[in-house]
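Colleague: give me a model of this one.
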Amino acid sequence: MASPGKEKGSIELTDEQLKQIVAEADTGGRKPTGFTAQLLLMVALAWSLFQLWIASPLPFSLGIFVLNDTESRAIHLAFAVFMAFAAYPAFKRSPRAYVPAMDWLLAMAGAFCAAYLFLFYRELADRPGLPTTTDLAVAVVGMALLLEAARRALGLPMVILAVVFLIYIFFGQYMPDVIAHRGASLAKGMSHMWLTTEGVFGVAVGVSTSFIFLFVLFGALLETAGAGNYFIKSAIALLGHMRGGPAKAAVVASASTGLISGSSIANVVTTGTFTIPLMKSVGYRADKAAAVEVASSVNGQLMPPVMGAAAFLMVEYVGITYIQVMKHAIVPALISYIALFYIVHLEALKMNLQGLPRREPLPWQRVTITTTMTVSGLVILSAIIYWGLGWIKGLAGDAAFLIVGLMMLAAYVLIVRNGARYPELHMDKPDEKMEFLPEIGPTLKSGLHFLLPVAALIWNLMVEQLSPALSAFWATLFLIFILVTQRPLFAFFRGTGQFGDAVREGFQDLFSGLVTGARNMIGIGIATATAGIIVGTVTLTGIGLAMTELVEVLSGGNLMIMLILVAVICLILGMGLPTTANYIVVSTLMAPVIVDLGAQGGLLVPLIAVHMFVFYFGLMADVTPPVGLASYAAAGIAKSDPIKTGLTAFGYSGRTAILPFMFIFNTQLLLIGITDIFHLVLTVVTATIATMMFAAATQGFFITRNRLHEGLILLLVTFTLFRPGFWMDMVYPAYEEVAPTELGRLVEEAPPNGNLRVWVEGITLEGDEMSKGVLLPLGEPAASANERLKKMGLTVMAFGEDVQIAAVRFGSQAEKLGLEQGFTIKTIELPSGERPAKEWMYLPAFLLLGLVWFMQKGRARRQATA
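Modeller: Residues are numbered from 1 along each chain as shown. As a prediction, this is how the structure comes out:
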């Protein structure tokens, strides 16, 4: 018989076992002692310091140790491979307390092979495409060691996938006709994969080197400073009084800690250890408490400004800035969390659950204000920085960076001085029952300084518009200053007299944070390098075109079936690959498929929408049973069945799964095509209501339990609010055709960051006839139409009534759209002038919603009086 509060088939994990799960997934399961432990700490510290060095302006200012991108990537991967062999045991029975001699040899050999491009950069540059026997030996050995490091750090599925693609490179002539190619020699294949920047050392490792490491380090330092505990306690203090309050606090806490944790598994363990027992204490079933934590923790990677590692790859793959990625991601991320918040509320209503009591009840006005600020805190913070302080940039120019830096420094001292009046926050023991909620004022004021590094990051990204790497570098420097000084400042203002100890502890925190940041990067560094094998296969063999033909055959040309196929492929890969590797693989193979097949079917989708589509489904990697590690970790805390927890979390994640389909068909959800503030508010409000109604339909509860026809009406309302143009298209044509000779005028008149629908045809470089539509991203206005087109990498020439593409710049947005020199622009499509605004379809949707509300309200009233 199961023990009370424990489900049949459940597991129970101790704190040590939970830490081991996180370690084995994120940082390596070994815990050596003595000199070995110190050596690994020093290597991790050296990695973090190296990454800070190459991100800083110092190498260029001092002229010392200046590295180009290829050299930096080689050293980055050398650190990752060395740490992977040292930190991750080869097998379950391998020793954890020390590093065997064989692993030391493998670590040094792997690091040498990875650093080969750095050590012999000049020699390799002198013989491009002509590898020596030594070059090939290093490439073969390096590839084998990389695959072994990936097996240890990422699991067997990633290795199997990489090996399949390597086999395809060398034995392409024996493949089925639809994907066959001539096959590559060992020299050509390994040179392409290891000695160039097209394979292992390609874009993915480049992004890991320049962007991802710094943001992961930023998060690790923020967590070491105590921000994670602060976010959790603040969410509990603000929201714990509501129906199902601990579950709602778990959603907000996970969204907040998602800013500082790149790992959904670590997020589950960090917040779930505290929130899951609280959820169970107010009446949530064990698997539902665990599922809420899993769904909210995984979604933490969606929330700007610090999104999951895959988001930084989008910058390179899509060819837009990170601030634009953030802009496109913010609305889906917010409404996804609001929908999960609503699901939690519905579960509480169904079970008639209450919140936790306060020592002193607060007025409802204050509760409403604090709740609103908690749920939308990041948006409010971003708005304050952008509009509240942004004017300083216009007034002071380049000096604004220094002025705002001094203002933040002064604010830091004042905030710490004020926070020192309140006791330090400590994480409560999860097995202790919470009788009363923490007080809001003391809880919030004790750690407000943790928001300052996030504010600095937002300032750098949004106002200074620095690169993501430089933004993260300056924010990390500020955070390092806070990490070292916060304990001494608190000791000084509290008058405890332990100033020396506080200084020592501050530097210990800094050391710990730098080491943790590097160890958190091991899996990501290995994942991006291994996924580079798949990217290199695509560039070497042209399998991308074959994948397009294959999916086209399987989908029969149906756009919705095609999207479902791509989503299923993401989910299948997600069972064995981490989110970053999943995104690289699927965006490389599937994103061009959606663009090409969608264009042939008349669905012209911006490239960012396609990449967001595969990114969202890649996030399901840690939820999807039976392999989702986040579900396993949460089940261990909740003492529930892991499979049941995973399935429940997958159900809760359904509201996330419908969003990618919606913003493929309605790009306004990505803030594309928004014309004014009213349009923005209308889009956000209707999308939020639509997601909540989808949650109500799938949860079977709105005001009271749904009847079948009410659930169907709610789904219809959801669809109409998300895609109002579907119904309008049945009555009015969406677009009217314009002659291509109007291109220049239309490009000049287009609003900033507007898009232009054009249809092109021609013969590709492979000799195939092609006809498709594309959305030209026009960016900011320029002096002339030609200048504006050149910014996106496109040069056109008019020949009478025809307009032809004269040139496409390598690596430009135009090239990423599949445009080629010699293509002819056949027609341009503009929104139909006679068509009413599609937003009129919101009216019947809200009338139907009102009907359901009226029916259920009456039924709920009758049930209450019965």
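
Colleague: got the contact list for the nearest residue to Ile561 once chain neighbours are set aside?
Modeller: Nearest residue to Ile561, sequence neighbours excluded (CB to CB, 6 or more residues apart in numbering): Ser555, at 4.2 Å. For every residue, glycine as well, the C-beta is placed using N, CA and C. Listed by CB atoms under 8 Å, 6 or more residues apart in numbering, the contact set of Ser555 reads Ile561, Met562, Leu565, Leu597.

Colleague: now the last one: how far from Gly319?
Modeller: Right, the one you point to is Leu597. 21 Å (CB to CB, to the nearest Å).

Colleague: tell me where the stretch 751-866 of the chain has helices.
Modeller: 785-791, 813-816, 842-865 (DSSP state H, counting those that start in this stretch).

Colleague: check the stretch 351-500 of the chain too.
Modeller: 364-375, 377-383, 390-396, 400-419, 440-445, 451-458, 468-494, 499-520.

Colleague: equivalent analysis for the stretch 601-750 of the chain, please.
Modeller: 607-618, 629-638, 642-652, 654-665, 677-699, 708-722, 725-729, 743-749.

Colleague: contacts only, for Leu817.
Modeller: Leu817 touches Val595, Leu607, Val774, Leu775, Leu776, counting by CB under 8 Å, 6+ apart.

Colleague: repeat that for Phe613.
Modeller: Contacts of Phe613 (CB under 8 Å, 6+ apart): Leu563, Val566, Ala567, Ile594, Pro660, Phe661, Phe663, Ile664.

Colleague: quick one: which of those residues is nearest Met42?
Modeller: Here the nearest of the contacts of Phe613 to Met42, counting by CB to CB, is Pro660; it sits at 43.5 Å.

Colleague: so who does the closest one touch?
Modeller: Contacts of Pro660 by CB under 8 Å, 6+ apart are Ala567, Met612, Phe613, Tyr616, Phe617.

Colleague: top of those residues by neighbour count?
Modeller: Greatest neighbour count in these, by other CB atoms under 10 Å, goes to Tyr616: 28 neighbours.

Colleague: residues near the closest residue to Arg417 other than its chain neighbours, how many?
Modeller: Closest residue to Arg417 apart from its sequence neighbours, by CB to CB, 6+ apart: Phe493 at 5.1 Å. The local packing of Phe493 (other CB under 10 Å) involves 15 other residues.

Colleague: how far away is Phe493 from Leu406?
Modeller: For Phe493 relative to Leu406 (CB to CB), the value is 20 Å.

Colleague: cool, Ala90 as well?
Modeller: Distance from Ala90 to Leu406, by CB to CB: 52 Å.

Colleague: with Gly199 instead?
Modeller: According to CB to CB, Gly199 stands 46 Å off from Leu406.

Colleague: can you tell me the SS state at Lys233?
Modeller: Recorded secondary structure, Lys233: helix (DSSP: H, G, I helix; E, B strand; the rest coil).

Colleague: name the residues that touch stretch 559-573?
Modeller: 161, 551-552, 554-555, 582, 585-586, 590, 593-594, 597-598, 601, 603, 613-614, 617-618, 620-621, 624, 657, 660-661, 664.

Colleague: filter the residues you listed to the buried ones?
Modeller: The neighbour-count test (16 or more other CB atoms under 10 Å) marks 161, 551-552, 555, 582, 585-586, 590, 593-594, 597-598, 601, 603, 613-614, 617-618, 620-621, 624, 657, 660-661, 664 as buried among those.

Colleague: now do the contacts for the nearest residue to Asn666 once chain neighbours are set aside.
Modeller: Spatial nearest neighbour of Asn666, excluding adjacent residues (CB to CB, 6+ apart): Arg723 at 5.2 Å. By CB under 8 Å, 6+ apart, the contact list for Arg723 reads Met662, Phe665, Asn666.

Colleague: okay, now the first one: neighbour count?
Modeller: Residue crowding around Met662 was assessed by other CB under 10 Å; the count is 22.

Colleague: next one: the second one
Modeller: As a burial measure, the neighbour count of Phe665 was computed by other CB under 10 Å and equals 17.

Colleague: repeat that for the last one.
Modeller: Using other CB under 10 Å, Asn666 has 23 other residues around it.

Colleague: measure it to Leu540 for me?
Modeller: 37 Å.

Colleague: equivalent analysis for the first one, please.
Modeller: Distance check for Met662 against Leu540: by CB to CB, it reads 36 Å.

Colleague: ok, Ile482 next?
Modeller: The value you get for Ile482 to Leu540, if CB to CB is used, is 47 Å.

Colleague: also Ala472?
Modeller: Ala472 is 33 Å from Leu540, by CB to CB.

Colleague: again, but for Phe473
Modeller: Counting by CB to CB - Phe473 and Leu540 are separated by 35 Å.

Colleague: what pLDDT does Ala634 get?
Modeller: pLDDT recorded at Ala634 is 80.

Colleague: measure the residue nearest to Ser631 when sequence neighbours are not counted to Ala184 for me?
Modeller: Using CB to CB, 6+ apart and skipping the chain neighbours, the partner closest in space to Ser631 is Gly646 (3.7 Å). Using CB to CB, one gets 40 Å for the distance from Gly646 to Ala184.

Colleague: do the same with Lys248
Modeller: The value you get for Lys248 to Ala184, if CB to CB is used, is 55 Å.

Colleague: burial check on Val164, number of neighbours?
Modeller: Using other CB under 10 Å, the number of residues around Val164 comes to 12.

Colleague: pull the number of nearby residues for the nearest residue to Thr718 once chain neighbours are set aside.
Modeller: Sequence neighbours aside, Phe694 is the residue nearest to Thr718 in space, at 4.4 Å (criterion: CB to CB, 6+ apart). Phe694 is flanked by 26 other residues according to other CB under 10 Å.

Colleague: so who does Phe694 touch?
Modeller: So Phe694 contacts Ala339, Gly654, Arg655, Ile658, Leu714, Leu715, Thr718 (CB under 8 Å, 6+ apart).

Colleague: and if you look at Gly397?
Modeller: Per CB under 8 Å, 6+ apart, neighbours of Gly397: none.

Colleague: would you mind measuring from it to Ile403?
Modeller: Counting by CB to CB, the gap from Gly397 to Ile403 is 10 Å.

Colleague: what do the two both touch?
Modeller: By CB under 8 Å, 6+ apart, no residue touches both Gly397 and Ile403.

Colleague: return the helix or strand in the protein with minimum mean pLDDT.
Modeller: Here the helix or strand of the chain ranked lowest by mean pLDDT, DSSP states H and E is helix 364-375, holding a mean of 50.

Colleague: how about the strands in the protein?
Modeller: Using DSSP state E, the strands found in the chain span residues 735-738, 755-763, 769-777, 794-799, 802-808, 824-831.

Colleague: out of these, flag the one nearest Phe678.
Modeller: Closest to Phe678 of the strands of the chain is strand 824-831 (CB to CB; 18.0 Å).

Colleague: just checking: what are the partner strands of the closest one?
Modeller: With DSSP bridges as the test, strand 824-831 is paired with strand 735-738 (antiparallel), strand 755-763 (antiparallel), strand 802-808 (antiparallel).

Colleague: name the residues that touch that strand?
Modeller: 734-740, 742-743, 746, 756-762, 771, 773, 796, 802-805.

Colleague: can you give me the buried ones in that strand?
Modeller: Applying 16+ other CB under 10 Å to strand 824-831 flags Thr824, Ile825, Lys826, Thr827, Ile828, Glu829 as buried.

Colleague: can you check stretch 714-732 too?
Modeller: Leu714, Leu716, Val717, Thr718, Phe719, Thr720, Leu721, Phe722, Arg723, Pro724, Gly725, Met728.

Colleague: model confidence over it, on average?
Modeller: Per-residue scores along stretch 714-732 average to 88.

Colleague: any idea how far apart the tips of that stretch sit?
Modeller: 25 Å (CA to CA, to the nearest Å).

Colleague: what pLDDT is listed against the residue nearest to Thr718?
Modeller: So Phe694 comes in at 90 (pLDDT).
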